[in-house]
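Novice: Sequence and predicted structure are below.
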Number of protein chains: 2
Amino acid sequence: MSYTPPRRLNSMALKRLVTEVGRSRYATLADALREHVLRGEWPPGVAIPSEQTLAADHGVALGTLRRALELLVDDGLIERIHGRGTFVRTGISGATMLRFFRFRTDQGDVPTSRILSRKRVVAPPDVASRLGSGRGDEVLHLVRVRSLAGAPCLLEHSWLPLPQFKALASGATEAWGDLLYPLYAERCGVRVHRALEEIRFDSLSASNARYLGVPAGHPCALITRTAFDLVGNCIEVRKTRGDAHAFEYTITLT
Amino acid sequence: MSYTPPRRLNSMALKRLVTEVGRSRYATLADALREHVLRGEWPPGVAIPSEQTLAADHGVALGTLRRALELLVDDGLIERIHGRGTFVRTGISGATMLRFFRFRTDQGDVPTSRILSRKRVVAPPDVASRLGSGRGDEVLHLVRVRSLAGAPCLLEHSWLPLPQFKALASGATEAWGDLLYPLYAERCGVRVHRALEEIRFDSLSASNARYLGVPAGHPCALITRTAFDLVGNCIEVRKTRGDAHAFEYTITLT
DNA sequence: AAGTGGTCTAGACCACTCT
DNA sequence: GAGTGGTCTAGACCACTTG
């Protein structure tokens, strides 16, 4: 990895914090800072002003400012790096569907991806409601198989809103690579910041089963991911299916 | 709710913090305080000494002490209540298996419980390894059905280490009530502090299927919970099975 | 050497809970 | 009113990253 010195933003206009009754100073401050991020004034990957600067600009003590930033860190909105600065996060990590399955192979590998189908369609009702689009709106529908060591293991259906993703509606899909989120970022300027995943058990339709090399009606785990950007707009609905017998997921309660 | 004034512990012997190199003061302090809890010197439900007292006893500033306590709060070890004090937590909450299933009924209800079987057995190998007991050790095996509105929905197998749970090995099971964890606490003095839950997909054996009123081989979700006490000893292994079609679980990614 | 975030202090004042 | 935890300040010093 080559080193790129962080671009740094200038101090903002001095704007003293307006005190809200019954609300802590750091909570109000956190909201103010969050607004800056959501409005895109502090783009991802760029260092925001330093603690000292922000504290002075808002007329609060350092400790108070730090508590505000801690809230945003817990939100997953920003990231602090000792000695370098504070950065707006560029997207979620650890989003691999593989964490739901145990497939016996060399672990740590990204499964390869092959696009089977790409079409403009009218979104099915449940997908449309998750996307927040109107009935009858056209969306981009992708189907792809993901394989490990040449063996197909996951079948993924994705629905993407148009015209936001129109850059993906044409052109060769062979060069897309194995991951979609980097593609979304590069070609469409869209970053996934938060996602909801629903797990269910289902059985495979004849057409879906064919791609995974199992008989129709075979039991599968179905993971429906609804992905959102920074502002909270739905960006993608994805349904991933894999052999139910390979499914395994662990939760820690405290 | 009637009010019970919190019992409060006396100040501990003054013991200045031994500085460890390369480690923050509050982290070392947190470990020291954690030890007090684990050794049982600060029992659950009792208020531990106040911020002022603890800070003075360990020779640190208030802010430093507060950071240490924050770590323990994040651990789920203690709980702070404004104006009342700081308390050792008594056990995990939200441990209901119902959160994995959608059963169409009046929600918020605790499912009723009926014990089908209670025996001393040699634990099956996978259970023994989770319990951390030796091969051939006897454990207490419980089987119970849980029902909502009279309809059986979950089948639970539990394995409990002996002699720790010998108080449950005899006597009428009819009066046990619908929840096991309160029973563990009252009769055996055992509290569940942390738990690991593994979700898998399975199909019901003939004997298991009968109790749920479905045909043998019916698909089911299998949740294996391994529960631990404060100190980290395994307390219970529980396998819960429910209709796979009723299974639904949601995760938020950030 | 300069700039960043991380730790720690010592104090003031506030909000909440209970006697 | 006395005691608890929660907020906020203003400062010192440290550890880490870079030029």
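Specialist: Now that the structure is in, tell me what you want to look at.
Novice: Indicate whether the helix or strand where A:A56 lies makes contact with DNA strand C.
Specialist: Applying DSSP states H and E as the criterion places A:A56 in helix A:51-58. Yes - under the criterion of C-beta under 7 Å from any atom of the strand, DNA strand C is reached by helix A:51-58 at A:51-53. For the C-beta atoms, the positions are set from N, CA and C on the backbone; glycine is no exception.
Novice: okay if I get these as JSON lines plus neighbour count?
Specialist: JSON lines is the format used below for the residues of helix A:51-58 next to DNA strand C (neighbours: other C-beta atoms under 10 Å in any protein chain shown):
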{"residue": "A:E51", "neighbour count": "16"}
{"residue": "A:Q52", "neighbour count": "11"}
{"residue": "A:T53", "neighbour count": "16"}
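Novice: Cross-check those against chain B and keep the overlap.
Specialist: Counting by C-beta under 8 Å from any C-beta of the partner chain, the subset of these that neighbours chain B is empty.
Novice: Quick check: A:W42 vs A:Y249, distance?
Specialist: For A:W42, the distance to A:Y249 equals 35 Å [C-beta to C-beta, to the nearest Å].
Novice: If you could redo that for A:S203, that was the one I meant.
Specialist: 19 Å.
Novice: My guess is A:I78 contacts A:T86. True?
Specialist: Yes - A:I78 is within contact range of A:T86, at 5.7 Å (criterion: C-beta atoms under 8 Å).
Novice: hey, what's in contact with both of the two?
Specialist: Counting by C-beta atoms under 8 Å, 6 or more residues apart in numbering or on different chains, the shared contacts of A:I78 and A:T86 are A:48, A:69.
Novice: Just say helix, strand or coil for the spatially most central residue of chain A.
Specialist: Compute the mean C-alpha point of chain A, and by C-alpha atoms, centre = their mean the closest residue is A:V192, 2.7 Å away. Three-state call for A:V192 (DSSP: H, G, I helix; E, B strand; the rest coil): coil.
Novice: State the distance from it to chain B.
Specialist: 9 Å (C-beta to the nearest C-beta, to the nearest Å).
Novice: same check, this time on A:C153
Specialist: Here A:C153 is placed at a distance of 15 Å from chain B (C-beta to the nearest C-beta).
Novice: List the residues that contact that residue.
Specialist: A:C153 makes contact with A:101, A:103, A:111, A:146-147, A:212, A:242-243, A:246, according to C-beta under 8 Å, 6+ apart.
Novice: Let's see that with 6 Å instead.
Specialist: With contact set as C-beta atoms under 6 Å, 6 or more residues apart in numbering or on different chains, A:C153 has these partners: A:103, A:242.
Novice: Provide the backbone phi and psi angles at it.
Specialist: Here is the backbone geometry of A:C153 (degrees, to the nearest 10): phi -130, psi -30.
Novice: Tell me the pLDDT of it.
Specialist: Note on A:C153: pLDDT of 95.
Novice: Up against DNA strand D, what does chain A have?
Specialist: Going by C-beta under 7 Å from any atom of the strand, the residues of chain A near DNA strand D are A:3, A:5, A:24-27, A:59-64, A:67, A:81-84.
Novice: hmm, which of the residues you listed are the buried ones?
Specialist: Buried by 16 or more other C-beta atoms under 10 Å in any protein chain shown: A:25-26, A:60, A:64, A:67, out of the residues of chain A next to DNA strand D.
Novice: Helices - which of the residues you listed land there?
Specialist: Applying DSSP state H to those, the entries found in helices are A:25-26, A:64, A:67.
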